[in-house]
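1. Using only what follows, build the 3D model:
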Amino acid sequence: MKIKYFMLVMPFILSSALDAGQYKGRATIELPKKLCSKKDNKPKDRKIHIAAIEKAKKIAWNNYVGSFAKEKIDAYNTNKDVFMSSFDSYVDNNYKLLYAECSNQTRTYTVVINANIQEQQVNAKLREFSSSSQVRTDLKGKSIVAMVVPRQTDSADIFDEKINKQKEIRKSSQTDAAVIDDGTSLSTTEATVDRAGITTGGKTSRKATKRTYKIGDIQSAVSQISDVVRPFEMRVLQPSWLERQFTRNLGSEPFLKDVYDEFRGIKGDFGPNINPQTQDNIFFNTIDFNYLGRAQVDYILLGTVDTSVPKIDPDTGNYSADVLVNIQLYKIDMDYESAELVASVGPEIKTAFGTSDVIAANLALKKTFDEAINSLIYKL
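-> Below you'll find the model as predicted:
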């Protein structure tokens, strides 16, 4: 007989895991004999339940590692034994049991959990391992302009489908005649049948949805990026600082409003993307500014992070928010007087959970910046 139950094994206190990510783990273990209890809906031997949970936590961890970019996976695999030796430090016991099935018939016990993984601690450990690398040494003291624009959909024009229909009708008729001669009189009988063949067809045209965006908190984005790169001892500069240097030292026109309007999708011919000419002007002005020698810009971080409207997650009961990230890292090369694309992240989606829509959205942005910027650094 199969027994199914849904329960929360221990309090799911979100406030104690603000820096944790939730990942599902499903595990099935074999029972040595019929051990399912009808009374409390789990194996009679508690050790079996604990073993199933531990196995599910390991699977959730593997699912988490599987979400890494290639460069991050390489860094993890080099130090995998260190993480596994202190596994409980990164996957805590503040998990949520989503599903369980104990079957005396098949002698199996299956659990599905949402495990909390301390992503901040994992990233900090990986940065620690890279502290003596040449890349880490090369980045020390370098300056980076964080021109990453957080966005939310403001409006979307959804076009009706354009349908062209064609119809062809072909008509024909057939007449049958019979002549009857009975020797005394002659008569004819006629029968006519009309036929119509109709052929229909056509095509449907659908235009892509046109979206415009509203700009989020630029200051918060810069602050979160600063928190991520601080362990690399890099200097993060705001876009407004760069604009001020251009206008003061080069006599250039302000450019930020154009950048934001282009990313909003209300200016330019490239949809909600930066105009390539606008981007090139920023790069070339940066090179000219570097020649003045008053300050040095080494990298420019350019891109967008789009936050969805938070929704209730059916598994956890909390709000979940998705963030679509698309960021490029450019190195200002003074020898070649160019901006070289050295790393990129996206487009890819990150998800975070929170007890309210605001918390979920903020955690999703924080998680996105943390993972995206770290991934860019590992790619270097």
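2. mean confidence for stretch 144-152?
-> Looking at stretch 144-152 alone, the average pLDDT works out to 88.
3. could I get that stretch in PDB with only the CA atoms?
-> Taking C-alpha atoms only, stretch 144-152 is exported to PDB below (Å, rounded to 0.1, in the frame of the first residue of the first chain):
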ATOM      1  CA  ILE A 144      35.600  49.300 -13.500                       C
ATOM      2  CA  VAL A 145      32.600  51.400 -14.600                       C
ATOM      3  CA  ALA A 146      29.400  49.600 -13.700                       C
ATOM      4  CA  MET A 147      26.900  50.500 -16.500                       C
ATOM      5  CA  VAL A 148      24.400  47.700 -15.800                       C
ATOM      6  CA  VAL A 149      20.800  48.800 -16.100                       C
ATOM      7  CA  PRO A 150      18.100  47.100 -14.000                       C
ATOM      8  CA  ARG A 151      14.700  47.100 -15.800                       C
ATOM      9  CA  GLN A 152      11.100  46.100 -15.500                       C
END
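4. For that stretch, buried residues please.
-> Using 16 or more other Cβ atoms under 10 Å as the test for burial, stretch 144-152 gives 144, 145, 146, 147, 148, 149, 150, 151. Heads up, the C-betas are built off the backbone N, CA and C, glycines and all.
5. what's the answer for stretch 291-303, then?
-> 297, 298, 299, 300, 301, 302, 303.
6. mind checking the SS state of residue 53?
-> When classified by DSSP: H, G, I helix; E, B strand; the rest coil, residue 53 comes out as helix.
7. ok, it - contacts?
-> Residue 53 is in contact with 9, 27, 95, 97, 111, 113, counting by Cβ atoms under 8 Å, 6 or more residues apart in numbering.
8. of all those, which two lie farthest apart?
-> 9 and 27 (13.9 Å; Cβ to Cβ).
9. More neighbours: which of these two?
-> The neighbour comparison of residue 9 against residue 27 (other Cβ atoms under 10 Å) goes to residue 27, with 19 against 15.
10. strands paired with the helix or strand harbouring that one, and their directions?
-> Element membership for residue 27, per DSSP states H and E: strand 20-30. Using DSSP bridges, the strands paired with strand 20-30 in its sheet are strand 108-118 (antiparallel).
11. Which helix or strand lies directly C-terminal to the strand it pairs with?
-> helix 119-129.
12. Report all helices and strands that that next one contacts.
-> Counting by 3 or more Cβ pairs under 8 Å, 6 or more residues apart in numbering; DSSP states H and E, the packing neighbours recorded for helix 119-129 are helix 70-78, helix 80-85, helix 87-90, helix 357-379.
13. Tabulate those helices (a markdown table), appending distance to residue 117, mean neighbour count and mean pLDDT.
-> Formatted as a markdown table, the helices and strands packed on helix 119-129 follow (distance: least, Cβ to Cβ, whole Å; neighbours: other Cβ atoms under 10 Å; pLDDT from 0 to 100):
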| stretch | distance to residue 117 | mean neighbour count | mean pLDDT |
| --- | --- | --- | --- |
| helix 70-78 | 13 | 15 | 80 |
| helix 80-85 | 11 | 11 | 89 |
| helix 87-90 | 6 | 13 | 89 |
| helix 357-379 | 11 | 23 | 78 |
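14. Let's have those helices in CSV, adding distance to residue 234.
-> What follows is the helices and strands packed on helix 119-129, written out as CSV (distance: least, Cβ to Cβ, whole Å):
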stretch, distance to residue 234
helix 70-78, 18
helix 80-85, 25
helix 87-90, 26
helix 357-379, 9
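15. can you tell me which residues contact residue 253?
-> residue 247.
16. Wait, a helix at it?
-> No: remark: residue 253 does not belong to a helix; assigned using three-state DSSP, it is coil.
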